[in-house]
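> Pasting the sequence and the predicted model now:
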Amino acid sequence: MRTGEPLPAVGDVLASLATGLWRYDAAAGLVTLDAEAARLVGLPAEPTTLTDAGIRARFHPVDWNEVDGVVQLALAEGTIAEVRMRIMDAHGRVVRMVRSRSKPSIDPGTGEYELVGTLQEVTEPSAAAARSPITGDWRRSREAFLLDAGRALAEARSTEEVLRVAAGLSMPGFSPDGLAVFGAEGDRLTVIGHHGHKPGDEGPFTHMSLDTDYPAAEVVRTGRAVYLSSPEEYRGRYPVSWPLAAPFGRRSWAFLPLTVAGRTMGAWMAGFKHPVTFTPDERSVLTTVARMLAQALSRAGAAETERELTDGLQRSMLPTLGPQIPGMTVAARYVPTGGGLQVGGDWYDMIQLPGGTSRTKSGGGRFALTIGDVQGHDVRAAGLMGQLRIALRAYAAEGHRPDAVLSRASRFLYGMTYGDNDADQRFATCLYVEVDPATGTLEIARAGHPDPAIRTADRTVLMRPTAGGMPLGIDPDADYPTTRLVLEPGETMLICTDGLIETGGHDLDTGWRRLRRILEEHDGDMEELADALVQAVHGPSSHHATGPLTDRREDDIAVLLLCRVGEGCGCGDTVTVRPTVRRTALTVAQAEHERVAVARQQLRELLHDWSSAEQVDSAVLLVSEMLTNVLVHTDTDALLVAEVTGDHDSPNGTGGTGERRMRVEVTDASDDLPHKRHPGELASSGRGLVLMEILADAWGVDPRGEGKSIWFELYEEPAKEDEEDEGD
């Protein structure tokens, strides 16, 4: 070639030097070879394009497995990736040894890397030199170490746990004795954690400027690793920061970038007390560990951020209970479901109401308890829950009655979810209870929510059916009737969301039976009782008490307990003698014939430990007759009051002072007194007083000014089994 003539084409020069040219696109998974490169890998000497699998088949599998580590090392250090590889024929024989040299680069659009390099045949070294036993053992140890390290880091769930795993890594042949993980906040270097140093050693390196002449700062700035094999090299390259590193007495250092998705989030420092030359194999191991460490720290940071977010949402949306109420005790629990977002649509609240007849200096006036569940378990449910809770507080603070509070809340939620976008319509169940501590009066309005349960002073648990309407947010004009109950001294009310009832594959029936046992048997105060209820659902024992449904449904849990302090409640000193009176009351309106069945169930719950099952059946039959007569023969509502007096453990018999007695009374506003009749065989009515005469131990009809009261009494008899035993 004469002076001044143009240079030959690059391809011609490479071909004359028996050097092939190739290009690898990781995103597409394709390798493009020129004619010389194709010849060197055993293909016809013509340009061609192969897939990953196609090119892999031309190389020895051991050599191919080392390619990724070499490329990643070159990417981290910004250097050339060089590797020797054996070319195999179709029969698995080595035909030649080639050397590949390439320059990797990252595509900013896809995040994948691209390689452009050369391929040249080289002389194959002897088998002993190429694969000595020491090299083979070291590589096997390295692969085992990386597998263990990857698994341990993948399982770490917090930054602290990631750092603990990193400190415990024992690298084959060159384990560091000191580690430090640096992060970046703005233009400052921070220390995330360290190992092998004394507390306080990190002080000079915290909040160091990224412009400082310090290896970790340079790594964060450039994204390239820094290896320092000796103190002399460290002092020569970083004279300003060397005085900070000298007191630790180390001989070699490696500073590697912590990179995730092409962004350098920090640096990892590994310090050694013995000299390390940082061979390509050692740098490859360190680079791989740094890559895994960066991924683990990124996952842990995201998880911690999510936990902080959900904890903050939970703290802000679920209030602490208000001041102590004279004569009453309140306890509450909220338990988010185990998976996904740790806050959902369940909530509870305690609201101090304005005015009231029993307000004291200690804040013991009327207050309201509310509990509810917004449909769904996601961020939108949590947001709606917070807004609905605030709306309920506002309506209650205005002095509205319970029915008006729920009506306004339903209209509010309807307006929020049934607007222009109907794709995500939501509703909410809610129970609102207005409480007068002085009298124990409860005024309850219910919107599609489970009914409350009452535990009497003698540990009898009664479901209290209350009138209710549709869930909030479905009908903006819905009405919510109010039910009035009285919480007697020593009684406890439980209100909860359906998560407490149905979690674990239970339906409403089996779930309530599970809770009933806890309420009946627990003797502690309200806080201990709340813990026991949650433990029954989420504790270890709950896994052995699954419900009848095939799926184990999980849901958020919200629980509120209200106790009117008195003998038997467990809020004060240990109770040795239980009260001997239990009572229930129920109103059956003319238009609510279905509540006759509710009354029968209430009476059975009241008599749950009555000795004679026949007497219980008799009482239920008589109550059904009495209520039906009021609904059929009068135009008024019926008030049922049932009461059990006496000690269950006292001797049985009639007329004794220690016997148990039930008294059931039905009152109505009609002045027409019932008359005893003698119905024929085919008559459909007229048997009520006849049954009363036969089944009751005592009965009567008492005029009550405007209206009358029909009552009967039964005295507890021994169970049938006991009588048979005595006869034997």
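That came through, no problem. Numbering: from 1, shown residues only.

> Could you give me the buried positions within stretch 85-102?
Neighbour counts using 16 or more other Cβ atoms under 10 Å place 85-88, 96-98, 100, 102 of stretch 85-102 among the buried residues. Quick note: C-beta positions are derived from backbone N, CA and C, even for glycine.

> What are the boundaries of the strands in the stretch 601-728 of the chain?
638-645, 661-668, 698-703, 708-715 (DSSP state E, counting those that start in this stretch).

> so where's the stretch 201-350 of the chain shaky on pLDDT?
Along the stretch 201-350 of the chain, segments meeting pLDDT under 70 span 310-320, 322-323, 337-344.

> All the helices of it, in order from the start?
215-222, 231-237, 242-245, 280-317 (DSSP state H, counting those that start in this stretch).

> Which one of the ones you listed lies nearest to Ala394?
helix 280-317 (15.4 Å; Cβ to Cβ).

> Now do the closest one: distance to the chain's middle.
20 Å (Cα atoms, centre = their mean, to the nearest Å).

> ok, and for that helix, which residues are buried?
281-301, 310, 313-314, 317.

> Could you identify the helix or strand that succeeds the helix or strand hosting Asp531?
Per DSSP states H and E: Asp531 is located in helix 526-538. The helix or strand immediately downstream of helix 526-538 is strand 557-564, counting by DSSP H and E.

> Sheet-wise, list the partners of that next one with their directions.
strand 328-335 (antiparallel), strand 492-496 (antiparallel) (DSSP bridges).

> Just the C-alphas of that strand, formatted as PDB.
Output of strand 557-564 as PDB, limited to C-alpha atoms (Å, rounded to 0.1, in the frame of the first residue of the first chain):
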ATOM      1  CA  ILE A 557     -60.600  -8.200  61.200                       C
ATOM      2  CA  ALA A 558     -62.000  -5.300  63.200                       C
ATOM      3  CA  VAL A 559     -63.300  -6.000  66.700                       C
ATOM      4  CA  LEU A 560     -64.900  -3.700  69.300                       C
ATOM      5  CA  LEU A 561     -65.900  -4.700  72.900                       C
ATOM      6  CA  LEU A 562     -68.000  -2.600  75.100                       C
ATOM      7  CA  CYS A 563     -68.500  -3.600  78.800                       C
ATOM      8  CA  ARG A 564     -70.800  -2.000  81.300                       C
END
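
> Could I get the average pLDDT for that strand?
Averaging pLDDT along strand 557-564 yields 91.

> repeat for stretch 81-93
83.

> again, but for stretch 151-159
Per-residue scores along stretch 151-159 average to 81.

> As a markdown table, the strands paired with strand 557-564 with mean neighbour count and distance to Asn65 would be great.
Below are the strands paired with strand 557-564 laid out as a markdown table (neighbours: other Cβ atoms under 10 Å; distance: least, Cβ to Cβ, whole Å):
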| stretch | mean neighbour count | distance to Asn65 |
| --- | --- | --- |
| strand 328-335 | 20 | 49 |
| strand 492-496 | 26 | 58 |
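
> Export these to TSV and append columns for distance to Thr456.
Formatted as TSV, these follow (distance: least, Cβ to Cβ, whole Å):
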stretch	distance to Thr456
strand 328-335	16
strand 492-496	9
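
> still on that earlier bit, as JSON lines, the strands of the stretch 601-728 of the chain with mean neighbour count, mean pLDDT and distance to Ala184 would be great.
Shown next, in JSON lines, are the strands of the stretch 601-728 of the chain (neighbours: other Cβ atoms under 10 Å; pLDDT from 0 to 100; distance: least, Cβ to Cβ, whole Å):
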{"stretch": "strand 638-645", "mean neighbour count": "20", "mean pLDDT": "88", "distance to Ala184": "73"}
{"stretch": "strand 661-668", "mean neighbour count": "20", "mean pLDDT": "92", "distance to Ala184": "77"}
{"stretch": "strand 698-703", "mean neighbour count": "13", "mean pLDDT": "88", "distance to Ala184": "86"}
{"stretch": "strand 708-715", "mean neighbour count": "20", "mean pLDDT": "91", "distance to Ala184": "81"}
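
> Specify the local secondary structure of Glu82.
strand (DSSP: H, G, I helix; E, B strand; the rest coil).

> helix/strand/coil for the closest residue to Thr206 other than its chain neighbours?
Distance criterion Cβ to Cβ, 6 or more residues apart in numbering; nearest residue to Thr206, sequence neighbours excluded, is Val191 at 5.1 Å. Secondary structure assignment for Val191 (three-state DSSP): strand.

> wait, Val191 sits on Pro204?
No: between Val191 and Pro204 there is no contact under Cβ atoms under 8 Å: 9.9 Å.

> neighbour-wise, which of these two wins?
Val191 (21 against 14; other Cβ atoms under 10 Å).

> can you pull the contacts of the more buried one?
180-183, 202, 205-206 (Cβ atoms under 8 Å, 6 or more residues apart in numbering).

> Compare these and tell me which has the most neighbours.
Of those, with other Cβ under 10 Å as the count, Phe182 tops at 27 neighbours.

> who's in contact with Leu622?
Leu622 touches 664, 691-692, 695-696, 712, counting by Cβ under 8 Å, 6+ apart.

> The lengthiest strand in the chain pairs with which strands, and in what direction?
Looking across the chain with DSSP state E, the single longest strand is strand 94-106. Using DSSP bridges, strand 94-106 pairs in its sheet with strand 81-88 (antiparallel), strand 113-122 (antiparallel).

> for those, which one sits closest to Ala331?
Per Cβ to Cβ, nearest to Ala331 of the strands paired with strand 94-106: strand 113-122, 59.1 Å.

> list the buried ones in the closest one?
The neighbour-count check on strand 113-122 (16+ other Cβ under 10 Å) flags 113-115, 117-121 as buried.

> now swap in stretch 593-612 and tell me
Across stretch 593-612, burial judged by 16+ other Cβ under 10 Å covers 595-596, 598-600, 602-603, 605-607, 610-612.

> In helices, which of these fall?
595-596, 598-600, 602-603, 605-606 (DSSP state H).

> Which residues does Ala180 form beta bridges with?
Bridge pairing for Ala180 - DSSP bridges - gives His194, Met269.

> that older thread, can you redo the strands paired with strand 94-106 as TSV with distance to Ala368?
Formatted as TSV, the strands paired with strand 94-106 follow (distance: least, Cβ to Cβ, whole Å):
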stretch	distance to Ala368
strand 81-88	71
strand 113-122	63
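
> Gly223 contacts Pro257, doesn't it?
Yes: counting by Cβ under 8 Å, Gly223 touches Pro257, with 4.9 Å between them.

> Looking at these two, which is more packed in?
Pro257 (26 against 19).

> My guess is the more buried one contacts Glu218. True?
No: Pro257 sits out of contact with Glu218 when judged by Cβ under 8 Å, with a separation of 10.0 Å.

> related to what we said a few turns ago, show me which of the ones in helices among the buried residues of stretch 593-612 is closest to Gly399.
Nearest to Gly399, judged by Cβ to Cβ, of these is Arg595 at 30.4 Å.

> got a list of what Tyr214 touches?
Tyr214 sits in contact with 189, 205, 208, 238, 240-241, 244, where contact means Cβ under 8 Å, 6+ apart.

> Same check on Arg251?
230-231, 272-276.

> I'd like the next helix or strand past the helix or strand hosting Leu146.
Assigned by DSSP H and E, Leu146 belongs to helix 133-155. Moving toward the C-terminus from helix 133-155, the next helix or strand (DSSP H and E) is helix 159-167.

> distance of His197 from Pro247?
11 Å (Cβ to Cβ, to the nearest Å).

> circling back: what residues are shared contacts of Gly223 and Pro257?
Counting by Cβ under 8 Å, 6+ apart, the residues touching both Gly223 and Pro257 are Thr264.

> re earlier: run through the neighbouring helices and strands of the helix holding Asp531.
strand 328-335, strand 492-496, helix 498-502, helix 508-521, strand 557-564 (3 or more Cβ pairs under 8 Å, 6 or more residues apart in numbering; DSSP states H and E).

> so that helix versus strand 492-496, what angle?
40 degrees (axes from the mean of the first three to the mean of the last three Cα atoms, to 10 degrees).

> List the contacts of helix 526-538.
329-333, 335, 492, 494, 496, 499-500, 503-504, 514-515, 518-519, 522, 524, 541-542, 545, 557, 559, 561, 563, 570-571.
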